[in-house]
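Trainee: Give me coordinates for this.
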Amino acid sequence: MPNSAAPFHLNGLTIQPGEQVLTRLVISKLPSGTVIDVPVHVLRSLEPGPTLLLMGGMHGDEVNGIETIRRLVRRELLMPLRGSVIAIPILNIYGFLNFSRDVPDGKDVNRSFPGFPRGSLAGRVAHRFMREIMPLIDYGIDFHTGGAARANFPQVRALLGVEPEVDALAAAFAAPFTLHAALRVGSLREAAHSLGKRIIVYETGESLRLDEPGIEEALAGTMRVLHHLGMGPKAPPPARAGIVCRRHTWLRARFAGLFRSHVENGQFVEKGQIYGSIADPYGQQSVRLESPVSGYVIGLNHMPVVNQGDALLHIAVPE
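Mentor: Okay, here's the model as predicted:
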């Protein structure tokens, strides 16, 4: 764990306990010469304690995490009672400007860690984060959103059953669903895990759409994590008990055509239940879709036009 009473050295600055600083990490330039920088909020208590990272916008079109951190900053909720908070509303500025998940070279920042200073643009973003931010943190919440037209029901994803601190962090957040999720190669979670840092992922909604209930869950969960770490005041308990699921699976389209869902996000689906249909666009054939498992809908494809193999429904199987 970093020395929580020592100065932070970040982006050429020395940030002492008790200080609140907004700095900007210069990543690169656009072809036009416009500088691309990443704003970073650093809030430090005089009292020593852990450092919590809050990060949104790893994928530029995933706006719910961006809005969550924006509200936390705007409402002045992040000055810790002890320790430090590092809040990055948007890591992938390129994607945010272009309404895109990726950076302009087509690569995913969250598959590019730990990065390389002379590598692809995504690798350079990841490397700068690893050099400047990762050495300072102990814990983190990485905010995400469903990709494309797939909407996620509010959920935490974490490597459960391996490190008690990760399990405790996920339990403190207390999202409606907590999923066991293996580490993905090149992801921020994998890079953090290799260095003994504990990071959970929060998912809600779909790209380029604000999900108000999911944002409210994110705000409340973040405040509960701050309290759990001794960094914030007591936070309201969740409205309902969360459900832990170690098994979850995507149901995929066996046929191409027009998809209609008969279920909603968060709904429990029984094995054998008809959850939707796929029809050809000419009115000649329609196939009903039957769930092979019982579980909760935690992800739903809102795109009506689907190809064979497209993900339609994400089902979480409760313990």
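Trainee: Now do the strands in the stretch 51-200 of the chain.
Mentor: Here the stretch 51-200 of the chain has its strands, by DSSP state E, counting those that start in this stretch, at 51-55, 84-88, 139-146, 150-158, 177-180, 198-206.
Trainee: Mind listing the strands the fifth one pairs with, and their directions?
Mentor: Within its sheet, strand 177-180 is paired with strand 150-158 (parallel), strand 243-245 (parallel), according to DSSP bridges.
Trainee: Using CSV, please lay out the ones you listed together with mean pLDDT, mean neighbour count and distance to residue 198.
Mentor: Where you see a C-beta, it was placed from the backbone N, CA and C, and this is true even at glycine. What follows is the strands paired with strand 177-180, written out as CSV (pLDDT from 0 to 100; neighbours: other Cβ atoms under 10 Å; distance: least, Cβ to Cβ, whole Å):
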stretch, mean pLDDT, mean neighbour count, distance to residue 198
strand 150-158, 98, 24, 9
strand 243-245, 97, 18, 17
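Trainee: Of those strands, which is nearest residue 14?
Mentor: Closest to residue 14 of those is strand 150-158 (Cβ to Cβ; 33.5 Å).
Trainee: Output the longest helix belonging to this protein.
Mentor: Criterion DSSP state H: the longest helix present in the chain is helix 212-228.
Trainee: Tabulate the strands paired with strand 177-180 (TSV), appending distance to residue 318.
Mentor: Formatted as TSV, the strands paired with strand 177-180 follow (distance: least, Cβ to Cβ, whole Å):
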stretch	distance to residue 318
strand 150-158	13
strand 243-245	5
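Trainee: closest to residue 319 out of these?
Mentor: So among these, strand 243-245 is nearest, using Cβ to Cβ, at 5.7 Å.
Trainee: buried ones in whichever helix or strand comes after the closest one?
Mentor: Going down the chain from strand 243-245, the next helix or strand is strand 247-252, by DSSP states H and E. Buried residues in strand 247-252, counted by 16 or more other Cβ atoms under 10 Å: 248, 251.
Trainee: helix, strand or coil for the closest residue to residue 263 other than its chain neighbours?
Mentor: Distances taken as Cβ to Cβ, 6 or more residues apart in numbering place residue 275 nearest to residue 263, at 4.8 Å, with adjacent residues excluded. Here residue 275 is recorded as strand under DSSP: H, G, I helix; E, B strand; the rest coil.
Trainee: Count the neighbours of residue 275 for me.
Mentor: Residue 275 is flanked by 20 other residues according to other Cβ atoms under 10 Å.
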